[in-house]
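Participant: Give the three-dimensional model of this entry:
(chains A and B, ligands or ions: 2)
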Amino acid sequence: MAIGKTAIEAVGVTKIFQSSGQDSLKALDNVSVTIGENEFFTLLGPSGCGKTTLLRLIAGFDFPTDGQILLHGQDIAPLPPFQRPVNTVFQNYALFPHMTVGQNIGFGLEMQGKPKAQVEARVAEMLRLVQMEELKNRRTSQISGGQQQRVALARALAPEPKVLLLDEPLSALDYKLRKEMQIELKRLQNETGITFIFVTHDQEEALTMSDRIAVMSKGKILQVGSPRDIYDRPAVRFVANFIGETNFLEGKVVSTAKGQAKIALDSGATISAGLGEGAKPSGKVTVVVRPEHASLVAASGKATLSGKLENIVYFGTDTHYHVKLNGGGEFTIRHQNVHAGALGFEKGDKVGVLFGAEAARVLRD
Amino acid sequence: MARTFSVRTQPGFTFIAMFCFFLLYLPIVTLVVYAFNSGQSVAIWEGFSFRWFESAWHNRAVQEASLRSIFLAAFAATLSTLVATMAALATTRTAPYPGLTFKYAFINQPLMVPEIVTAVALLIVFSRIKVWTGYSGIAYLLAAHTAFCIPFAYLPIRARLENMDLTLERAAADLYATPWNAFKRVTLPLLWPGIIAGFMLAFVISLDDVVITEFVKSGGQETLPTYMLGQLRRVVTPEINAIATVFLLISVAFVTTFFIINRRKP
Ligand SMILES: Nc1ncnc2c1ncn2[C@@H]1O[C@H](COP(=O)(O)OP(=O)(O)O)[C@@H](O)[C@H]1O
Ligand SMILES: [Mg+2]
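Facilitator: Residues are numbered from 1 along each chain as shown, chains lettered A, B, ... in the order given. Ligands and ions are numbered 1, 2, ... in the order given. Predicted coordinates:
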């Protein structure tokens, strides 16, 4: 997806935490990323990969060891948090317990020195936006978790920040409420047009909500792209593994041409697979194929790979077929269940696996 | 499932508990009862009356000592709470560093050094200063009381600060509050119960002090406790009981308030 004007840009940002002993910890390692205006941008990665650290640097609660953070092209490093037009929705909400819902939402505007009437009007508007008008005078301890979440959102949105930072805002909610809030968040982002930087370790949440996703691991950004990019065309093993289920096939490059490579798999077969832009791999490589991008066919017909059907697992909406490949290795195929019934294969059958070059992808490194 | 061990079900528990309460409260009950004795004795009951409360109320020495005690306690509690609040902020709003534990110990010194040692030390130093300056007013008592009240004010305030969610201050900063505004609008309101609790405790501690006061005071600077101590060396009438009873009421009121405030969640 093409991005419009740049809102936030991180340039070679490194953050090192000096621990008490000799060892220091590189929480962020030369991170560079550009986030556009009006974008719903997600930082996705396992716990401890540096997502919160990056948000804290943008918010100004901590300072980078090296590198720059630019807001609309201007370096914001020297600015303390209270001078940055950036607001945060904290993981534990951090609502002020001694204030009412309305006072919480108005706090930012009040601190900016806005006239009382204007604050009041904006608070009313925000309450309407998150559908909580009746709860204005409640204490924050007297409302439910989902409502607290909404107040935290309204409070952070009220001063109309350039960028809204959300640190795993939905992780404390139960499944149903989480689904509701996902939709709510998308709606708020659309209506306000504010850039959202959203942190999550939940790949499904990232895929359904984001315009673009940055997948992080061990302080590095491994891949940035649209959900479809990330899912269909993972660049490295970690991304392929972290997002959804994947089949990994090991082999050697025979030849490359026109964005495709011929790969001689260790199991014996030779397949064609797509290459990342400008990639020129050689030697040993890994190819990934998503389970739903391959089909199960009869052993007698045309097939990319062949093997024996080991297991069939029924999941309601789809069925997983586990194939033991001839020459070693396993392959999983996900087949959408249709009204017409099952595929008609039995456990132990000799079967073929069929996929095209566009379904297979050669991983970097 | 194994029953958890409960000390309350052990044989003799009730007896021992009752005996301890008996030992603790019997003298106090006796004291309070005899405050209402109509006779001259603190040991022989002659009938019910309020005469000793009236007599204490009109006793000039008691009046003066009471006012001095209350002034001293109010002053020492206010100043020590102010100092303790700043000390608590400085020792909690910081990353741990070598020497921090020592600072805790330093602030809490009056809790650890035996009171009599502090008292003698102050007596020696203050008498020197009295000779040099010729001043022998109440400032010595104010200084001494403030000093030994600090840890009592410090502990509840620090406990409150340690339990406070630091992200609240961060959230305030995120919402354009300058450090001073964040302190005024978020930290301080949440800290109030701790500050009031610290003040109450310091007030009662100052009100109650005998040892240091006895050593530091100059002539004519009796506080209520030292006055009572002085009276016990002479003829004892139930007037002392009456004063002690009122004193008891005030202290209990303060300490109860302290507990109620301190129990409220941040
Ligand atoms: N203040 C800190 N001091 C020392 N190490 C820290 C600090 N904050 C985070 N870290 C470390 O930096 C790494 C990244 O942390 P974080 O950004 O919180 O990860 P995430 O939010 O992705 O779970 C972790 O290993 C964490 O232990
Ligand atoms: Mg985190």
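Participant: how about residue 103, secondary structure?
Facilitator: Chain wasn't specified; assuming chain A. For A:Q103, the assignment made with DSSP: H, G, I helix; E, B strand; the rest coil gives helix.
Participant: switch to chain B, that's the one I care about
Facilitator: Classification of B:K103 using three-state DSSP returns helix.
Participant: Can you tell me the closest non-neighbouring residue to it?
Facilitator: Using CB to CB, 6 or more residues apart in numbering or on different chains and skipping residues adjacent in sequence, the residue nearest B:K103 is B:T91, 6.0 Å away. C-betas here are computed from N, CA, C, even on glycine.
Participant: Next one: the one you found from ligand 1, what distance?
Facilitator: Between B:T91 and ligand 1 the computed distance is 19 Å (CB to the nearest ligand atom, to the nearest Å).
Participant: Please apply the same query to A:P115.
Facilitator: 38 Å.
Participant: Quick check: the gap between that residue and chain B.
Facilitator: Distance, A:P115 to chain B, using CB to the nearest CB, to the nearest Å: 15 Å.
Participant: Next, count neighbours for that residue.
Facilitator: Using other CB atoms under 10 Å in any protein chain shown, A:P115 has 10 neighbouring residues.
Participant: check contacts around the residue nearest to B:K103.
Facilitator: Taking CB atoms under 8 Å, 6 or more residues apart in numbering or on different chains as the contact definition, B:T91 lies against B:L100, B:K103, B:Y104, B:I107, B:R158.
Participant: who touches residue 77 in this structure?
Facilitator: As the question left the chain open, I've gone with chain A. So A:A77 contacts A:F63, A:P64, A:Q68, A:I69 (CB under 8 Å, 6+ apart).
Participant: My question was about chain B, not that one.
Facilitator: B:C149, B:A153, B:F199, B:M200, B:A202, B:F203, B:S206.
Participant: How is it assigned, secondary-structure-wise?
Facilitator: Here B:A77 is helix, with the state taken from three-state DSSP.
Participant: what pLDDT does it get?
Facilitator: Listed pLDDT for B:A77 reads 97.
Participant: before we move on, back to that, which single one of the contacts of A:A77 is nearest to chain B?
Facilitator: Using CB to the nearest CB, A:F63 comes nearest to chain B of those, at 13.9 Å.
Participant: what about that closest one, neighbour count?
Facilitator: By other CB under 10 Å, the residues close to A:F63 number 11.
Participant: circling back: now that we have the contacts of B:A77, which one has the most neighbours?
Facilitator: B:A153 (32 neighbours).
Participant: Surely it is in a strand?
Facilitator: No - looking at B:A153 with three-state DSSP, it is helix, so not inside a strand.
Participant: okay but B:A147 is in contact with B:I107, surely?
Facilitator: No - if you go by CB atoms under 8 Å, B:A147 and B:I107 don't touch, sitting 10.8 Å apart.
Participant: List the residues that are in contact with both of these two.
Facilitator: By CB under 8 Å, 6+ apart, no residue touches both B:A147 and B:I107.
Participant: circling back to that earlier point, per-residue confidence at the residue nearest to B:K103?
Facilitator: pLDDT at B:T91 comes out at 91.
Participant: a markdown table please, covering the contacts of B:A77 and showing pLDDT.
Facilitator: Converted to a markdown table, the contacts of B:A77 look like this (pLDDT from 0 to 100):
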| residue | pLDDT |
| --- | --- |
| B:C149 | 94 |
| B:A153 | 95 |
| B:F199 | 94 |
| B:M200 | 91 |
| B:A202 | 94 |
| B:F203 | 94 |
| B:S206 | 95 |
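Participant: Let's verify A:F196: helix, strand, or coil?
Facilitator: The three-state label given to A:F196 by three-state DSSP is strand.
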